[in-house]
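Enquirer: Attaching a predicted model along with its sequence, questions to come.
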Amino acid sequence: MTTRRATAGAKAAEPRRESLLADFALMPVSPEQRRHAALAVCHRCATADEARELLEALGLLDVARTRGAA
């Protein structure tokens, strides 16, 4: 049987974590930045299926454009 001990460090880090999350601002991504990111993903993937899965997971796959191209 294993036991867990609550550490003071974990509790002390929580306010810092919350402040970091609050300071994080999302900026819109331009179409050129999305294209550059998608090309980088495709360059690093071994197969088209792998690239499609990763692009979809990252939200970089434009399904409407993909269906129109097929």
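Expert: Alright, I've got the coordinates.

Enquirer: From now on I want contacts and neighbour counts done on CA atoms only, so please keep to that.
Expert: Will do.

Enquirer: where's V29, which helix or strand?
Expert: Per DSSP states H and E, V29 falls between elements, in no helix or strand.

Enquirer: For it, give me the pLDDT.
Expert: We have a pLDDT of 84 for V29.

Enquirer: Check the gap between E53 and P28 for me.
Expert: 23 Å (C-alpha to C-alpha, to the nearest Å).

Enquirer: Please say which of these two ends up with more neighbours.
Expert: Set side by side, E53 and P28 show more neighbours around E53, with 13 against 7, by other C-alpha atoms under 10 Å.

Enquirer: Now the more buried one. Its backbone dihedrals?
Expert: Backbone geometry at E53, expressed as degrees, to the nearest 10, gives phi -60, psi -40.

Enquirer: Quick one: residues contacting it.
Expert: For E53, no residue meets the contact criterion (C-alpha atoms under 8 Å, 6 or more residues apart in numbering).

Enquirer: If anything else comes up later, I'll come back, but that's it for now.
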